[in-house]
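> this one's structure only:
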């Protein structure tokens, strides 16, 4: 493997799943037309969804999912010891994701609600960076394969990974969508980091901020706008907490 | 310029023929807003019936037919000897039907910078030269303030411009291309009553404007009010989302990035329209940001509109279409911003 005459080393990568729907891992296998090129940049040594063959000599560990059980903590610390680079893959790993809704209720009431018998041992949901140090976060529910390809390419080339600082609105306008807020609906695109190509709005759903805050958030203004549209504060906060990804935005308010 | 008239029936035939033979884009309904008003966009049409000829204004401007949100400036192919660069200005001819006067005037402003400026932009020129523009007059909406910016009338920058004068359209023919295309259709000489009806209709349209703003001397006022609290007031509302610049018919600022493709065999230099309201617009190498405050970024957007552009071309960059307010989640209203500024000056 080489780029413009410069030899490159194929990176040894592993993918691990924690509490999640495994959708981000599936994303890795999507965008089939680019898969041969994608797989030429990395050597996958551990990825349960594609192979039963497992090795521990990985350089990069991609962690999908959040932590919700005690035994996951030891597993995570073991991965950290073995990997040179730990990457949180997806909104669950980066922020806790929808799993974190659980934290709003008592553990007992949640377990009782879901399980009649064989009640599991569980702990409040934590994002990966609350347990171990994380070198890179790739949010998204699910992650964007295009963005992942870009990041893998940067890692292979050793170039700087540039995160988009602007919000989803830019991509939404590029896609010629009509603004949800102009329709009188709630949307968090204006405070959410771009990089998803406004995929939800393109498909007819507002942005709920799975990718976390953009680099410039004016929460007070957006909140006032949404209240002016007749959306209740309760609904705003409920939608805002869907992915646990925009919490820091409200912290500014207090 | 030639002046003719065309009956509504003949216009329908004319446009139908154009659609058959060309890629034609015209206003269609894509959505509705909170007040149940239709939202229009220019989309490719396959028949005259699809076109909303009485549309108000398109949500996005037609700018993006000439300045796409994203475009490859060049592509690179790596080989044993190094690399090979490919540049492609080519664009297929297309027709825009139903373009408003303010939007044609917006193109004329872009022409000043991108065609007639010191650094002509060949990609823009190729798109401009290969786009046939048929304009259409309309009753101003309540928030249209193009009259204040002298952009509600057009004298060039289009191929055909139509004004509804009852049973027919008064037609301005402004290119040989348009003249040749019209050879296959019946058009009529302008009669005295047509001239009368045209002037009457023009006067009627001009009298319908409800939104006005005085921009005389605005360039100086901007300098005098550089430290005005008005910028803070509107900056506090601004979400720095860049929507205004995306839909603006004249905002042309951009960023460029180089992309290596996953195969490592090809790469591209991509241009993307950007906005001065975005947080890193004035961030430079090393990470220093010259405009970290949203109020400053908002101010500089108005500076380009009403000061910088005036300095270069003796006119505002703004055409008064008010798309920025429509697209702004925070409802930032350019007329109110400018009025605020003027009021403070009087005080």
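Received it, and whenever you're ready, just let me know what you need. All figures in this text were calculated on a predicted structure; none of them were measured in a lab.
> for residue B:21, what are its contacts?
Shown in contact with residue B:21 (CB atoms under 8 Å, 6 or more residues apart in numbering or on different chains): no residues. Where C-beta positions appear, they are placed from N, C-alpha and C, glycine not excepted.
> how about the strands in the stretch 1-150 of chain B?
Using DSSP state E, counting those that start in this stretch, the strands found in the stretch 1-150 of chain B span residues B:2-7, B:23-32, B:38-44, B:70-79, B:82-86, B:94-99, B:131-136.
> tell me which stretches of the chain form helices.
Reading this off chain A. A:23-28, A:35-41, A:70-82, A:91-95, A:107-114, A:145-157, A:168-174, A:199-202, A:219-228, A:233-240, A:247-253 (DSSP state H).
> that was the other one, I meant chain B.
B:8-21, B:101-114, B:122-129, B:176-181, B:192-207, B:218-224, B:229-237, B:243-247, B:294-303, B:309-313, B:323-327, B:334-346.
> adding distance to residue A:250, write the ones you listed out as TSV.
TSV is the format used below for these (distance: least, CB to CB, whole Å):
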stretch	distance to residue A:250
helix B:8-21	51
helix B:101-114	40
helix B:122-129	44
helix B:176-181	57
helix B:192-207	49
helix B:218-224	36
helix B:229-237	18
helix B:243-247	23
helix B:294-303	19
helix B:309-313	40
helix B:323-327	26
helix B:334-346	29
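> hey, which of those helices is tucked in deepest?
Among the helices of chain B, ranked by average contacts under mean count of other CB atoms under 10 Å in any protein chain shown, first place goes to helix B:243-247 (a mean of 26).
> contacts for it, please.
A:169-170, A:172-174, A:179, A:190, B:59-61, B:69, B:251, B:253, B:273-277, B:301, B:323-324, B:326-329, B:332.
> buried subset of those residues as a ChimeraX selection?
Burial among the contacts of helix B:243-247 is assessed by 16 or more other CB atoms under 10 Å in any protein chain shown; the matching ChimeraX selection reads:
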select /A:169,170,172,173,174,179,190 /B:59,60,61,69,251,273,274,275,276,277,301,323,324,326,327,328,329,332
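> gap between the spatially most central residue of chain B and residue A:52?
In chain B, the C-alpha nearest the mean C-alpha coordinate belongs to residue B:249, at 2.4 Å (CA atoms, centre = their mean). Note on residue B:249: its distance to residue A:52, by CB to CB, to the nearest Å, is 58 Å.
> and stretch B:286-298 with chain A, contact?
Yes. Under the criterion of CB under 8 Å from any CB of the partner chain, chain A is reached by stretch B:286-298 at residue B:294.
> hmm, back to that, the residue nearest to the centre of chain B contacts residue B:108, correct?
No. The pair residue B:249 / residue B:108 is not scored as a contact, 10.6 Å apart, by CB atoms under 8 Å.
> just the buried residues of stretch B:24-31, please?
Those would be B:24, B:25, B:26, B:27, B:28, B:30, B:31, for stretch B:24-31 by 16+ other CB under 10 Å.
> give me every residue in chain B lying close to chain A.
So far as CB under 8 Å from any CB goes, chain B lies against chain A at B:30-34, B:39, B:41, B:59-60, B:69-70, B:78, B:82-83, B:236-243, B:246-247, B:257, B:260-264, B:275, B:278-280, B:294, B:326-327, B:329-331.
> any idea which of the helices of chain B scores lowest on pLDDT?
Lowest mean pLDDT within these: helix B:334-346, at a mean of 83.
> in the stretch 51-200 of chain A, where is pLDDT below threshold?
For the stretch 51-200 of chain A, no stretch has pLDDT under 70.
> and the buried residues of stretch B:24-31 as CSV, adding pLDDT and distance to residue B:165?
What follows is these, written out as CSV (pLDDT from 0 to 100; distance: CB to CB, whole Å):
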residue, pLDDT, distance to residue B:165
B:24, 98, 24
B:25, 98, 25
B:26, 98, 21
B:27, 98, 21
B:28, 98, 25
B:30, 96, 30
B:31, 94, 32
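> of the residues you listed, closest to residue A:149?
Nearest to residue A:149 among those, counting by CB to CB, is residue B:30 at 30.6 Å.
> the closest one and residue B:224, how far apart?
42 Å.
> again, but for residue A:60
57 Å.
> so what are the domain limits for chain A?
A:2-157, A:168-253 (automatic domain parsing).
> comparing those domains, which comes out most buried?
domain A:168-253 (a mean of 20).
> okay, now residue 161: neighbour count?
Using chain A here. 13 (other CB atoms under 10 Å in any protein chain shown).
> oops, wrong one, chain B.
26.
> residue of the stretch 1-150 of chain A nearest chain B, please.
residue A:37 (4.0 Å; CB to the nearest CB).
> find the nearest non-adjacent residue to that residue, please.
residue B:262 (4.0 Å; CB to CB, 6 or more residues apart in numbering or on different chains).
> same check, this time on residue B:209
residue B:147 (4.5 Å).
> surely the one you found meets residue B:321?
No. At 11.6 Å, residue B:147 does not count as touching residue B:321 under the criterion of CB under 8 Å.
> between those two, which one's more packed in?
residue B:321 (28 against 21).
> now that one: how far from residue B:59?
Counting by CB to CB, the gap from residue B:321 to residue B:59 is 11 Å.
> picking that back up, ok, the residue of the stretch 1-150 of chain A closest to chain B touching residue B:266?
No. Assessed by CB under 8 Å, residue A:37 is found out of contact with residue B:266, at 10.5 Å.
> list phi and psi for the nearest residue to residue A:246 once chain neighbours are set aside.
Once flanking residues are discounted, residue A:246 sits nearest to residue A:209: 4.6 Å by CB to CB, 6+ apart. Here is the backbone geometry of residue A:209 (degrees, to the nearest 10): phi 80, psi 30.
> how about residue A:9, what does it touch?
residue A:1.
> brain fart, residue A:215
A:165, A:166, A:193, B:279, B:280.
> spatially, which two of the residues you listed are the most separated?
A:193 and B:280 (12.3 Å).
> joint contacts of the two?
With CB under 8 Å, 6+ apart as the test, residue A:193 and residue B:280 both reach A:165, A:215.
> please name the residues that touch residue 125.
Because you didn't say which chain, this covers chain A. Counting by CB under 8 Å, 6+ apart, residue A:125 touches A:19, A:66, A:67, A:68, A:96, A:97, A:99, A:100, A:102, A:103, A:244.
> looking at chain B here, not the other one
B:89, B:114, B:115.
> residue B:121 is in contact with the last one, correct?
Yes. Taking CB under 8 Å as the contact criterion, residue B:115 and residue B:121 are neighbours in contact, 7.5 Å apart.
> and those two? Which one has more around it.
Taking neighbours as other CB under 10 Å, residue B:115 and residue B:121 compare with residue B:121 leading, 20 against 16.
> which residue comes closest to that one once chain neighbours are left out?
residue B:114 (4.2 Å).
> how far away is that neighbour from residue A:17?
Residue B:114 is 50 Å from residue A:17, by CB to CB.
> and for residue A:149?
Residue A:149 is 20 Å from residue A:17, by CB to CB.
> can you check residue B:86 too?
Applying CB to CB to residue B:86 and residue A:17 gives a distance of 42 Å.
> cool, and residue A:82?
16 Å.
> now do the contacts for residue A:30.
Counting by CB under 8 Å, 6+ apart, residue A:30 touches residue A:145.
> quick one, phi/psi of it?
Dihedral angles (degrees, to the nearest 10) for residue A:30: phi -80, psi -180.
> let me see the contact set for the closest residue to residue B:202 other than its chain neighbours.
Excluding the flanking residues, the one nearest residue B:202 by CB to CB, 6+ apart is residue B:163, at 7.1 Å. By CB under 8 Å, 6+ apart, residue B:163 lies in contact with B:137, B:169, B:170, B:198, B:201, B:202.
> which ones are touching residue 183?
I'll assume chain A. B:31, B:32, B:33, B:34.
> so what's the residue nearest to residue B:232 when sequence neighbours are not counted up against?
Counting by CB to CB, 6+ apart, residue B:295 is the residue found nearest to residue B:232 once chain neighbours are left out, at 4.9 Å. Residue B:295 sits next to B:231, B:232, B:234, B:235, B:236, B:238 when contact means CB under 8 Å, 6+ apart.
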